[in-house]
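Peer 1: Predicted model and sequence follow; I will ask about them next.
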Amino acid sequence: MIEILHVDKRVRTSWILRNAHATLAPGLTVVVGANGSGKSTLLQCRVGQWRPTRGEIRVNGKPANRLGYEAGVLLDPPGFYEHLTAKEMLAYYVRLCGRKWSARHEELLHRFGVPQGRIRGFSRGQRQKLGILCSAWHEPEIWVLDEPFTGLDGYSIELLWTEIARALKTHAQHVVMVLHAPYGFPAMIHQVVRIANQTIDFVGTRQAFARQVLAERGGQISSMWADVLSRHHVPFTKGESPTHILLDLSPDVLTRAAACLLESGFNPLIEER
């Protein structure tokens, strides 16, 4: 269990987080919010890179800054020794943890398509893939990913989702990641944390978040979902624009709508026009 306990973070005279409070259950937690809302700051406090100005973050009862090799962290952007090759960089982390290089580590580099040259010549996407491997090679119990999809192509995005699903089934108690709209909103998400107005303003399940978004939009969604709602007998009316429809805002209707829309690929992070 991860406990975010009334965390404030100030940089010089600017407050980035104020009274952020949440309890994260095991599974995949995605942190969402507008650019500059404090998502990365929360993760940096979570992994002990930054100290909260007030409050604390605890993981299974331990202060976050006392975690060891049971945690794996991808920061944005990932940092490397530029003169090394990808294999040398990954081997550095392996040996730093007192482990021996093995064929499994070679396979990881191959599976993610990380090139063999020196890191100084890597593209943003190649650096990102290496950063993901350096955060996950030791199969951590707690895997923290800040902006993990940045620079990745479509194949690599799917591969990362597959790796996250595998980690949750085999070794990871928690995966916590910053997520933006273009990268999907899959069913494996266990919990959503939203940051707005310098604090955590929503914590809940994937379905509860979709329901919250529908309510905040006044029940207005794109008319492209009309057939889905009709098939599931969810009532709606036509909106003022032919491109939109309106849901009844009663709790039962919103709950039913959220469930069937998510099943059909609805992404509540996308602003529908």
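Peer 2: That came through, no problem. Residues are numbered from 1 along each chain as shown.
Peer 1: Confidence-wise, which helix or strand of the chain is lowest on average?
Peer 2: strand 62-63 (a mean of 76; mean pLDDT, DSSP states H and E).
Peer 1: For the next helix or strand after it, which outside residues touch it?
Peer 2: Per DSSP states H and E, the first helix or strand lying C-terminal to strand 62-63 is strand 71-74. Here strand 71-74 makes contact (Cβ atoms under 8 Å, 6 or more residues apart in numbering) with 47, 49, 59, 131-132, 134-136, 138, 140-146, 148. In this view, the C-beta of every residue, glycine as well, is placed from N, C-alpha and C.
Peer 1: Go through those residues and flag which are in strands.
Peer 2: Members of the contacts of strand 71-74 lying in strands (criterion: DSSP state E): 59, 142-145.
Peer 1: Nearest to Leu90 among these?
Peer 2: In terms of Cβ to Cβ, no member of those lies closer to Leu90 than Trp143, at 16.2 Å.
Peer 1: Was I right to think that closest one contacts Ala172?
Peer 2: Yes - the pair Trp143 and Ala172 passes the contact test of Cβ atoms under 8 Å, sitting 5.2 Å apart.
Peer 1: quick one, which of the two is more surrounded?
Peer 2: Set Trp143 next to Ala172 and count neighbours by other Cβ atoms under 10 Å: Trp143 wins out with 26 against 22.
Peer 1: Low-confidence bits of the chain, can you list those?
Peer 2: 65-67, 273 (pLDDT under 70).
Peer 1: Show me the strands in it, by range?
Peer 2: So, for the chain - with DSSP E - the strands run 2-11, 14-24, 27-32, 54-59, 62-63, 71-74, 142-145, 174-178, 189-196, 199-204, 220-222, 236-238, 244-247.
Peer 1: and the angle for the longest one with strand 199-204?
Peer 2: So that's strand 14-24. In terms of direction (axes from the mean of the first three to the mean of the last three Cα atoms, to 10 degrees), strand 14-24 departs from strand 199-204 by 20 degrees.
Peer 1: by contact count, what packs against strand 14-24?
Peer 2: For strand 14-24, the packing partners by 3 or more Cβ pairs under 8 Å, 6 or more residues apart in numbering; DSSP states H and E come out as strand 2-11, helix 39-46, strand 54-59, strand 189-196, strand 199-204.
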